[in-house]
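Engineer: This is the structure alone, sequence omitted:
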């Protein structure tokens, strides 16, 4: 299960004192260590198309799997007849809920989701059965031949009706309720603005759909090759489902083709292993795009009601809000999303009094779960809409109103937690406010492509209005509310080559490159490799909310420093000095006084040195019955100014420019950081303008990339990173912060703000529909 990395160049022997080229001085060695733009180790393989993803894997005697999914959003299962499918030539196994030997229900956070529906289906696309056959077409035909008799029931698709509807699940319809109480409930402001906001169902839409391979083991266990972002959690779920000890199930992480959410929902993985165990053969599943849309979790659709109180100068007095998350059929990450939504419902603003009610409820809609910026993105769109309303009511510049209210280090969140981390929010907002605005488009035929709707659109230049909007966003880093965040890493060095062993999955966030940079800087060696990830290694936890930069990067740093001490101690003892007086640079060890000078390879003298270390940040606590508590390890902030052109007759919107200023702590890899910010902004553009997985009575209307409109290169705006504030968080390894999620959270709110400025419309729904961007007459 490997691939040829392609041909490699071979240089001629270098003449003495040279490098194999003639003329000129020796070239500078390639940069390495923290703070440089070290490229990813797999860049070439991915560029050439030879990097192995799960969909590319193969094994001798391979069988193909296919899932049978429910065509209904809610129905009672009266019978399941698999006889016709099992009798088809080439079919090797058919499994249903009766074939699950262990736990029948699973869930990464709450075990409330069946492997296969047994008595009732609760959402469109819920798995009923799975088939293994010797050809993928045979598997698909066999799945279609399974006869299921349903009694179709009325689905509950309105989350507001879930409170009074009959129970959709044995655990009830209410997943969590958080009543946040902070300050005086009776106080009021001189100015009050209200708003109702709706946020749609964004799909993570990974560039590569789910795929996996399960291979039975001689000991009766199974190995699962899959693009997991949390392999140890997936292993434990699988072992419980199969009725096996965890050590008899091994998850091997393959290439991850996109992960802005949880990858490889267990609903895909678990049937694979069941089929492999039943047939004794390797079984492969490659999901269609429809399977992908129906199977994995989406961003929580959210209904938000807000009331902001302020004094005559625009300073906030009180915020009242109701936040309702539609979890879909199962709990998944809804509790965590709700905690973030309620905690950040007031935004990065000083609010002396806050009263927030938050609920997450089950419905018969598609499942919701972890998607980058969950909870925080939805409330950001709402509280920033409120700030625009307040600015308009008071006749204050929207940016100035925000500056009057922003938080700083030492201020309190409405949860009672003190903001101990750097919070340079005012500096970020001033940076985007002061950045020069883009030039207005020239009204000529050659510039028609600048019009909203593109060169073939029906727009007229005279109907285009430009708008400028602002938004401030915040996210928490790592897990919250008492989550035990820990990661383990091992660093080895032999012969001048270092290896990092850590189960932190490279999902595109750049951990593998960061790990190499950490070891390069600590041990002074150029050649550093990161071992493939599997569950034989100690756990590192999920790849989300900057975890691996902080926790796994911290573990790598500690292990590398331990190896450094092992390397330097014999030399320090020999020369009678402390290891602190020795430094390693470009593979050479030197002393402060120049007495000692040797290479790392000479100091190793053929030995292998290694060390294992853990990193665990300071503990957090759950929110109490009034929404109070130190629930978060750290936070990151972002300010965005959006510039849009709106055709006020057609309602089409073109995002011209996004100016971004972000609180990053420390820049560890400039190129990767810029790429992560640009990707986050672009994902936010999709949430603001195009992306919404639409349903009718709980049925997904267009589960494909034709009906689900992702932003393309033509939709991507000019993204200007105008400022990166490097104020290091002293409790974080390297002082760095998460960078990917906060631009996703902030950019939809900024675009909505700009459309409000251009049209005079309230814009209270995301994605922004054309009818919401048609200007009010007279504006």
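Structural biologist: Ah, there it is. Everything numeric in this text was worked out from a predicted model, so none of it was measured.
Engineer: is it true that residue 653 touches residue 644?
Structural biologist: Yes - Residue 653 is within contact range of residue 644, at 5.6 Å (criterion: Cβ atoms under 8 Å). For the C-beta atoms, the positions are set from N, CA and C on the backbone; glycine is no exception.
Engineer: which neighbours do the two share?
Structural biologist: Taking Cβ atoms under 8 Å, 6 or more residues apart in numbering as the contact rule, residue 653 and residue 644 both touch 751, 755.
Engineer: Quick check: bridge partners of residue 724?
Structural biologist: Listed by DSSP bridges, the beta-bridge partners for residue 724 are residue 662.
Engineer: wait, isn't it in contact with residue 666?
Structural biologist: No - using Cβ under 8 Å, residue 724 is not in contact with residue 666, being 9.4 Å away.
Engineer: So which residues of the stretch 651-779 of the chain form helices?
Structural biologist: 670-689, 741-759 (DSSP state H, counting those that start in this stretch).
Engineer: among these, which is the most enclosed?
Structural biologist: The highest mean neighbour count among the helices of the stretch 651-779 of the chain, using mean count of other Cβ atoms under 10 Å, belongs to helix 741-759: a mean of 30.
Engineer: Check the average confidence over it, would you?
Structural biologist: Mean pLDDT, helix 741-759: 97.
Engineer: One more: stretch 620-629?
Structural biologist: 96.
Engineer: Name the residues of stretch 119-138 that are buried.
Structural biologist: 120-133, 138 (16 or more other Cβ atoms under 10 Å).
Engineer: Give the full set of residues in contact with residue 715.
Structural biologist: Counting by Cβ under 8 Å, 6+ apart, residue 715 has contacts 655, 685, 686, 689, 690.
Engineer: Pick the one among these closest to residue 542.
Structural biologist: residue 686 (23.2 Å; Cβ to Cβ).
Engineer: can you tell me which of the buried residues of stretch 119-138 are in helices?
Structural biologist: Taking DSSP state H as the definition of helices, these contribute residue 138.
Engineer: quick one: which of the buried residues of stretch 119-138 is nearest to residue 173?
Structural biologist: Using Cβ to Cβ, the buried residues of stretch 119-138 come closest to residue 173 at residue 122, 11.1 Å.
Engineer: shouldn't that closest one be in contact with residue 330?
Structural biologist: Yes - counting by Cβ under 8 Å, residue 122 does reach residue 330; the two are 7.4 Å apart.
Engineer: So for these two, which residues contact both of them?
Structural biologist: Joint contacts of residue 122 and residue 330 (Cβ under 8 Å, 6+ apart) are 169, 362.
Engineer: On the pLDDT front, check residue 576 for me.
Structural biologist: The model reports residue 576 with a pLDDT of 81.
Engineer: just to revisit the earlier point, quick one, which of the helices of the stretch 651-779 of the chain gets closest to residue 229.
Structural biologist: Closest to residue 229 of the helices of the stretch 651-779 of the chain, according to Cβ to Cβ: helix 741-759, at 14.2 Å.
Engineer: what helices or strands is the closest one leaning on?
Structural biologist: Here helix 741-759 touches helix 376-394, strand 464-480, strand 632-647, strand 653-663, helix 670-689, going by 3 or more Cβ pairs under 8 Å, 6 or more residues apart in numbering; DSSP states H and E.
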